[in-house]
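Peer 1: here's my sequence, what's the structure:
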Amino acid sequence: MSSPHPDRPRLAVVGNPENRRIALFTDAVRAAGLPGPRVVPWTDVLRRGGAEFAADETVRIDSPGENTEVDRLLRGTDDPTRVEGSGRWYAGFTAALRSLRGGRRLADPDDLAVLFDKRLCHGVLDAAGVPVPASPTSGPDGTPVRGWDDVRALMREHGMPRLFVKPAHGSSASGVLAVESGGGGRIRATTSVELTPDGRLYNSLKVRRYDREHDLAAIVDTLAPDGLHLERWLPKASQEGRAADLRVVVVAGRATHAVLRTSRSPMTNLHLGGSRGDLDAARRAVEAAGARWADLLGVCERAAACFPRTLCVGVDLLPAVGWRRAAVGEVNAFGDLLPRLTGLPGSGAEGLDTYAAQVAAVLRGPHHQHRTGTPHA
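Peer 2: Numbers count the residues shown, from 1 in each chain. Sure thing, here's the model as predicted:
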């Protein structure tokens, strides 16, 4: 059945109904005067081998999230806290994306396949001239990592005494290790991975350090079959003595929302003990350094422009010490969960949360025309 108001889109969502982001998006849809979106659970898609959407439905693809049944179907485990299995998860997720039929997508399956492979994503950004940390594993000529011995060899070959080791298909800092080497062969890693005596790996809300190379090798060797990505550890700017970076949400090509994240550990993720910093103070620091705030936001817009068929992405921006320059750490397909945050001044999303901004973009029309280099107040 087609919509009685053809100028008002019918919306559908593929996601987990219990996820908070679904509720927030639904609230935004209804606040815009549209009927609540039809929600298609990921469990239904995976069990039935696909889902069908009407030609006039606009389909938002949302995160599979942490769901025991989804994890069992995608990763083959009943425990969402396990780190292993991200390679199998990625294969299942991309196959599920290809099984969606009909409708107009707000996220392109091919874009999502790149966004969920850090090696591919880093290579695409680098080729487009977006500043990114140096990496020996990205792009078509990237070096595969088979285990800890390869990590050690690449650290020496590329002069990287400090680097991040990341699961290629991970998210939320799952399985990420911030590795530092020093004189006398000393090495340590900061991570949220808990290594159990039987060699299993679990996500933990506690950031911990490992300073025995044997333990680091055990973790990396376990994760390597799923695919690993290595990046140079860039020294980041700080605020009040805490490392700082930004999550910037880009909607329809425009940087609309930003949050400053600070931490005493290399991981600024809020669920790992990071906290929201003072965004206005960060902007003043950028301007005091002789740089332009709009240029930093423009880096995020250039990163989003690499994925022109996807309405919204969350960009992790790494400001360098001194606040004059910045690089893109990651581009997240589902990086818009920033509750109670309204749009940046001059963004066109003032007073709107990230979901209302996306609904407004849908109502304006085709979202694939990215705007870059636009002024921000």
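
Peer 1: okay, the closest residue to residue 16 other than its chain neighbours: pLDDT?
Peer 2: In this structure, residue 16 finds its nearest non-sequential neighbour in residue 65, 4.6 Å apart by C-beta to C-beta, 6 or more residues apart in numbering. For glycine as for every other residue, the C-beta is placed from the backbone atoms N, C-alpha and C. The model reports residue 65 with a pLDDT of 78.

Peer 1: just checking, residue 65 touches residue 17?
Peer 2: No - between residue 65 and residue 17 there is no contact under C-beta atoms under 8 Å: 10.2 Å.

Peer 1: and these two? which has more neighbours close in?
Peer 2: Neighbours per residue (other C-beta atoms under 10 Å) separate residue 65 from residue 17, with residue 65 holding more: 17 against 14.

Peer 1: domain ranges for this protein?
Peer 2: 10-105, 148-232, 235-364 (automatic domain parsing).

Peer 1: what's the end-to-end length of the longest one?
Peer 2: So that's domain 235-364. Start-to-end span of domain 235-364 (C-alpha to C-alpha, to the nearest Å) is 40 Å.

Peer 1: give the contact list for residue 165.
Peer 2: Applying C-beta atoms under 8 Å, 6 or more residues apart in numbering to residue 165 gives the contacts 151, 176-177, 179, 189, 220, 228-230.

Peer 1: try residue 228
Peer 2: 137, 145, 151, 165-168, 220.

Peer 1: can you pull out the strands in the stretch 201-350 of the chain?
Peer 2: Along the stretch 201-350 of the chain, the segments classed as strands by DSSP state E, counting those that start in this stretch run 201-210, 228-232, 238-239, 242-251, 254-263, 275-276, 312-319, 326-332.

Peer 1: adjacent strands (with direction) for the third one?
Peer 2: Strand partners for strand 238-239, identified by DSSP bridges, are recorded as strand 242-251 (antiparallel).

Peer 1: by mean pLDDT, point me to the weakest helix or strand of the chain.
Peer 2: strand 275-276 (a mean of 86; mean pLDDT, DSSP states H and E).

Peer 1: pairing partners for that strand, with directions?
Peer 2: Strand 275-276 pairs in its sheet with strand 254-263 (antiparallel), by DSSP bridges.

Peer 1: export the partner strand to PDB, keeping only CA atoms.
Peer 2: What follows is the C-alpha trace of strand 254-263 in PDB, where atoms were taken according to Å, rounded to 0.1, in the frame of the first residue of the first chain:
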ATOM      1  CA  ARG A 254      27.200  18.800   7.000                       C
ATOM      2  CA  ALA A 255      28.800  18.500  10.400                       C
ATOM      3  CA  THR A 256      25.800  19.000  12.600                       C
ATOM      4  CA  HIS A 257      26.800  17.800  16.100                       C
ATOM      5  CA  ALA A 258      30.000  17.400  18.100                       C
ATOM      6  CA  VAL A 259      31.000  16.200  21.500                       C
ATOM      7  CA  LEU A 260      34.500  16.500  23.000                       C
ATOM      8  CA  ARG A 261      35.600  13.300  24.800                       C
ATOM      9  CA  THR A 262      38.400  13.400  27.300                       C
ATOM     10  CA  SER A 263      40.200  10.600  29.200                       C
END
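
Peer 1: follow-up on the earlier one: in strands only, show me the contacts of residue 228.
Peer 2: Among the contacts of residue 228, the residues falling in strands (DSSP state E) are 165-167.
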